[in-house]
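Colleague: Need a 3D model of the following:
(chains A and B)
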Amino acid sequence: MNILILVFFKYFNILFPGIQFHLYNVDLFFRVDPINKMILPLGLSYIIFTVLSYQIEIKRKTIQPEKHFGYFSLYLFFFPKIAQGPIERPQQLIPQLHQSHSFNYNMVVEGLRQMLWGYFKKLVVADRLAIYVNAVYNNSEHHNGTTLIVATIFFAFQIYADFSGYTDIALGSAKLFGFNLTNNFKRPYLATSIQDFWNRWHISFSTWLRDYIFLPLAYSLTNKMKKQKYLYVSADKWIYLIAIMVTFVICGIWHGVGWTYLLWGVLFGVYLAYSNWTKDFHKKIRKRFHIKKTSRYYTVYKILLTFILVSFAWIFFRADSITDAIQILRKIFTSSGPVFYEISSNLVFAIFGIISLVIIDIKREYYNARWSILYSKYPSVRYAGIILIVITILLIGVFDGGQFIYFQF
Amino acid sequence: MTSSYFRQIIRFISKFLLIVSLTLVCDRGIGTILRYFYFRQESGAGYRTTYAIDSTVADILILGSSRANHSYVPDIFEESLHYSFFNTGREGNFIFYNYAIFKSVTGRYNPKLVIVDISPGELIYSVAEYEKLSLLLPYYKSHPEIGHIVDFKSPFEKVKLISAIYPYNSLILQIGMGNLDLNKKRVSDDKGYVPIFQVMKNEKIDTAKISTCTIDENEIRALKDIISTCQQQKIDLIFVYSPIWSIIQDSFCNTILSELCSVKGIRYFDLSNSPAFINNPDYFADIRHLNDEGARVFSTMLIDKILQNN
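Modeller: Numbering: from 1, shown residues only, chains lettered A, B, ... in the order given. Predicted structure coming up:
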């Protein structure tokens, strides 16, 4: 039933393009004509996935049903997470709802800090990059390959800053009230493999897919398939391939209607299946060339390779159609030229935003105990850091027209 | 509720107020510095806007976007009409920007001739047009007539302007460049006119069709106000649709503009697809802008039309 609601609102006019649905074509509260102009309930995909999580956990008997309607409603519609998640598990959030919460200085301060950093990511980085990305991707036929590569890299950082910025604001605002929500991002562009990327990107969603689709499917296939080789490949690898492809097709469809999202999901499925199938081969190569898994250069190589693969997939995610995506790819590989810039300051601010984000992520990943400004033991340094972020937002933040990208899902 | 609980709240409020106060002090300080350097610019788009608003006393005033900025050559107008000239055209800015410049200028003096370079498509409602009003924020407090136009953008602009930095948001590099002598050499302008010397390469002429769209009533009101002010203050006003490398089938917006001009008795020259240009790609720098050679031919042609129609 829940999935039907989601399908109805998100995919109806695509699945049944000829049918005009006039449910809202009355002057009760508002007038919206055909279904393709119907107002999509805010955060519908997140709410449906939260409900499904609740139902599955009850079926698995890991939690008891919540009998208080107020607590249950709050679990679904807790305002910091309503628009873009995180998709909270019932065992994580419902117990917190039952606890009494009073003013907690440390949590409030931590929440405000996190919100401030979220606003920086959204206003200074994501919305600035969006100006360039939109200018290029909306007119991709007029741009050369070099510009399209830059726009694709910018989009990779735009969507990260946008979504993780929102998450920081959501988590921060929940902390103001004494609630801890699930962290959705853990420096995804420092991932050393695609699998690692999905352990760091949209974590509440990727773990949802893992726990409720991938693992049950893989477990069920394991029970059904005999432990033997099929076409010279072990059953385990076939099971992984089928389970991962199904999981990522659903992942793609969840993100939106259209072949671009589906292909984006399939691409990640292929990446992961390839990685799984060639695991032994890579091990042999490393051994042959005496490459240590912990080598710094090898880590940098893996991070860059993962980033390139992820950015390649983002082309399909961002392009308006498959035709556009193919045209962009063709241009990337065949045409070069100078990088487009309409307003040079915009490009400078965009690069500044990316560098800030990368530096902070590297610092948090590898040197977390050192050079902390917002968490310095000296109050003057902490205050200076906060003021610096506020002033930077006022100086180069984008205050017009920015929309959180993930609102649409 | 224990005393430690209240102590936590008081501790938080005191620290929060301290940070807010320090931030406000920094905001004021940096905002004042930015303001000083913004109005001290000697080159660039910001300088030209300030000059148009505060200083120009030119007899002929060109209003418009980048298409105006690159299309009207001062010396040709000055030599032919024997009037002084200033081109206020600015990249990516359309009717609201022109309206703001016009209000400021006519509040100071009466030009003899105002030419509004306009594409009828500018009348279409677009959120982006309102967002571009941010460029006028540095003048919000000192020029009430501009503040009134900026208020179209959002009722919250007054609140945002509590910050002294906000009016200069995203302008820091432009302010820096505008204060460098180097910038004057890099982007030279001649009485506002910025020539382009490149020639368009291999652009096929395309056809754009606008059959119906939402017209922005605020923009129509702004145009009507420009027309009535000109009529009251006896300023000669001409609307011009300058050449473009595209066949625009825009009967909808064009009719609205033509009707507005004919009802009010204002001259409107549609030279967008003039044969002299549509057959000469060498006159264009790109599909929207004339190069210097094209601008000179266009300026001469326009002056002939103005004199013929006088």
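
Colleague: in the stretch 151-300 of chain B, which spans are strands?
Modeller: B:206-209, B:236-241, B:246-249, B:267-270 (DSSP state E, counting those that start in this stretch).

Colleague: Mean neighbour count, mean pLDDT and distance to A:Ile253 added to these, as a markdown table?
Modeller: Using the backbone N, CA and C atoms, a C-beta is placed for each residue, glycine as well. Output for these, formatted as a markdown table (neighbours: other CB atoms under 10 Å in any protein chain shown; pLDDT from 0 to 100; distance: least, CB to CB, whole Å):
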| stretch | mean neighbour count | mean pLDDT | distance to A:Ile253 |
| --- | --- | --- | --- |
| strand B:206-209 | 10 | 73 | 35 |
| strand B:236-241 | 22 | 94 | 47 |
| strand B:246-249 | 16 | 77 | 39 |
| strand B:267-270 | 17 | 92 | 50 |
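
Colleague: Figure out which of these is closest to chain A.
Modeller: The closest of these to chain A is strand B:206-209. By CB to the nearest CB, the value is 11.1 Å.

Colleague: what lines up beside the closest one in the sheet?
Modeller: strand B:246-249 (parallel) (DSSP bridges).

Colleague: ok, back up a step: A:Val133: which of the strands of the stretch 151-300 of chain B is closest?
Modeller: Of all the strands of the stretch 151-300 of chain B, it is strand B:206-209 that lies closest to A:Val133, at 24.0 Å by CB to CB.

Colleague: Skipping adjacent residues, who's closest to B:His273 in space?
Modeller: Just so we're on the same page, residue B:273 is Asn rather than His. B:Ile247 (6.2 Å; CB to CB, 6 or more residues apart in numbering or on different chains).

Colleague: Check whether the one you found really touches B:Ile205, as I assumed.
Modeller: Yes - if you go by CB atoms under 8 Å, B:Ile247 and B:Ile205 touch, sitting 6.4 Å apart.

Colleague: Could you report the distance from B:Val263 to chain A?
Modeller: 33 Å (CB to the nearest CB, to the nearest Å).

Colleague: Chain B contacts on chain A?
Modeller: Counting by CB under 8 Å from any CB of the partner chain, chain A comes close to chain B at A:102-105, A:108-109, A:344-346, A:348-349, A:383, A:386-387, A:390-391, A:394-401.

Colleague: so what's the residue most central in space within chain A up against?
Modeller: Centroid check for chain A by CA atoms, centre = their mean gives A:His202 as the closest residue, at 4.1 Å. Neighbour list for A:His202: A:85, A:163, A:184-185 [criterion: CB atoms under 8 Å, 6 or more residues apart in numbering or on different chains].

Colleague: Okay, strands next: where are they in the stretch 201-350 of chain A?
Modeller: Going by DSSP E, counting those that start in this stretch, the stretch 201-350 of chain A shows strands at A:229-230, A:233-234.

Colleague: which residues touch the first one?
Modeller: When contacts are taken as CB under 8 Å, 6+ apart, the neighbours of strand A:229-230 outside the stretch itself are A:235, A:238.

Colleague: any idea of the mean pLDDT in that strand?
Modeller: Average pLDDT, strand A:229-230: 79.

Colleague: Check which strands are paired with it and give the direction for each one.
Modeller: strand A:233-234 (antiparallel).

Colleague: if we can go back for a sec, just the buried subset of the residues of chain A next to chain B, please.
Modeller: A:104, A:108-109, A:345-346, A:349, A:383, A:386-387, A:390-391, A:394-400 (16 or more other CB atoms under 10 Å in any protein chain shown).

Colleague: so what does the helix or strand containing B:Ser80 touch, helix or strand wise?
Modeller: Taking DSSP states H and E as the criterion, the element that holds B:Ser80 is helix B:74-81. Applying 3 or more CB pairs under 8 Å, 6 or more residues apart in numbering or on different chains; DSSP states H and E, one finds that helix B:74-81 contacts strand B:60-63, strand B:85-87, helix B:292-308.

Colleague: That helix versus helix B:292-308: what angle between them?
Modeller: 20 degrees (axes from the mean of the first three to the mean of the last three CA atoms, to 10 degrees).

Colleague: hmm, who's touching helix B:74-81?
Modeller: B:60, B:83-87, B:113, B:190-193, B:296, B:299-300, B:303, B:306-307.

Colleague: If we check chain A, which of those residues are in contact?
Modeller: Checking these against chain A (CB under 8 Å from any CB), there are no matches.

Colleague: thinking again about what came up before, including distance to A:Ser372, could the strands of the stretch 151-300 of chain B go into CSV?
Modeller: Shown next, in CSV, are the strands of the stretch 151-300 of chain B (distance: least, CB to CB, whole Å):
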stretch, distance to A:Ser372
strand B:206-209, 55
strand B:236-241, 59
strand B:246-249, 55
strand B:267-270, 63
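
Colleague: could I get the strands of the stretch 201-350 of chain A as CSV with mean neighbour count?
Modeller: CSV is the format used below for the strands of the stretch 201-350 of chain A (neighbours: other CB atoms under 10 Å in any protein chain shown):
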stretch, mean neighbour count
strand A:229-230, 11
strand A:233-234, 12
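
Colleague: want to try CSV for those strands, with distance to B:Gly46 as columns?
Modeller: Formatted as CSV, the strands of the stretch 201-350 of chain A follow (distance: least, CB to CB, whole Å):
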stretch, distance to B:Gly46
strand A:229-230, 69
strand A:233-234, 65
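
Colleague: thinking again about what came up before, between B:Ile247 and B:Ile205, which contacts overlap?
Modeller: B:Ile278.

Colleague: Next SSE downstream of the helix ranked longest in chain A?
Modeller: Secondary structure of chain A per DSSP state H: the longest helix is helix A:145-176. Going down the chain from helix A:145-176, the next helix or strand is helix A:194-200, by DSSP H and E.

Colleague: Tell me which residues of that next one come out buried.
Modeller: Under 16+ other CB under 10 Å, the buried positions of helix A:194-200 are A:194, A:196-198, A:200.

Colleague: And stretch B:34-43, by the same measure?
Modeller: For stretch B:34-43, using 16+ other CB under 10 Å, the buried residues are B:34-35, B:37-39, B:41, B:43.

Colleague: same check, this time on stretch A:172-180
Modeller: So for stretch A:172-180, counting by 16+ other CB under 10 Å, buried means A:172-179.

Colleague: Turn those residues into TSV, including distance to B:Tyr47 and pLDDT.
Modeller: Shown next, in TSV, are those (distance: CB to CB, whole Å; pLDDT from 0 to 100):
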residue	distance to B:Tyr47	pLDDT
A:Gly172	41	96
A:Ser173	43	96
A:Ala174	47	96
A:Lys175	46	96
A:Leu176	45	95
A:Phe177	49	94
A:Gly178	52	94
A:Phe179	51	95
